[in-house]
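A.B. asks: kindly return the folded structure for what I paste below:
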Amino acid sequence: MSLLKNPCHPGEVLTEFYLEPLGMSAITLAKHLKVPRTWIERLVNGETALSIDTAMRLAKFLCTTAEFWIDMQRAHDLAHSRQTINLSAITPLPAA
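C.D. replies: Below is the predicted model of the structure:
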């Protein structure tokens, strides 16, 4: 399946492209970001969505942008919603 149809959760990207190469644990990252360790642990395990607060903290610490992280979360959420939300009972508004 293509990346556009099944985008990665931000926690997966955080783990594979940042934490593992840096040899950093989620607990250590949480300390650097000044957040509870459970925030980062749940994020890297894909158990929670990335918040704007965490996106801003990650952007500052990892020299990225908050938009990078938020866009990733948005793409993941939208792809998941397209697979799980049934819209078949909605009839589109006819064009004028």
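A.B. asks: contacting residues around stretch 5-22?
C.D. replies: With contact meaning CB atoms under 8 Å, 6 or more residues apart in numbering, stretch 5-22 is reached by 24-26, 29, 43-46, 50, 58, 62, 69, 72-73, 75-76, 79. For every residue, glycine as well, the C-beta is placed using N, CA and C.
A.B. asks: what pLDDT, on average, does it get?
C.D. replies: For stretch 5-22, mean pLDDT rounds to 95.
A.B. asks: buried residues in that stretch, which are they?
C.D. replies: Of the residues in stretch 5-22, 7-15, 18-19 count as buried by neighbour count, 16 or more other CB atoms under 10 Å.
A.B. asks: try stretch 71-86
C.D. replies: By neighbour count with 16+ other CB under 10 Å, stretch 71-86 contains the buried residues 72-73, 75-76, 79.
A.B. asks: output it as PDB - backbone C-alpha positions only.
C.D. replies: In PDB, the C-alpha atoms belonging to stretch 71-86 read as follows (Å, rounded to 0.1, in the frame of the first residue of the first chain):
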ATOM      1  CA  ASP A  71       0.700  17.400   8.800                       C
ATOM      2  CA  MET A  72       1.800  13.900   9.500                       C
ATOM      3  CA  GLN A  73      -0.800  13.400  12.200                       C
ATOM      4  CA  ARG A  74      -3.500  15.000   9.900                       C
ATOM      5  CA  ALA A  75      -2.600  12.600   7.000                       C
ATOM      6  CA  HIS A  76      -2.700   9.600   9.400                       C
ATOM      7  CA  ASP A  77      -6.000  10.600  10.900                       C
ATOM      8  CA  LEU A  78      -7.600  11.300   7.500                       C
ATOM      9  CA  ALA A  79      -6.400   8.000   6.000                       C
ATOM     10  CA  HIS A  80      -7.700   6.100   9.100                       C
ATOM     11  CA  SER A  81     -11.000   7.900   9.000                       C
ATOM     12  CA  ARG A  82     -11.500   7.100   5.300                       C
ATOM     13  CA  GLN A  83     -11.100   3.400   6.200                       C
ATOM     14  CA  THR A  84     -13.500   3.400   9.200                       C
ATOM     15  CA  ILE A  85     -16.200   6.100   8.700                       C
ATOM     16  CA  ASN A  86     -19.200   4.900   6.600                       C
END
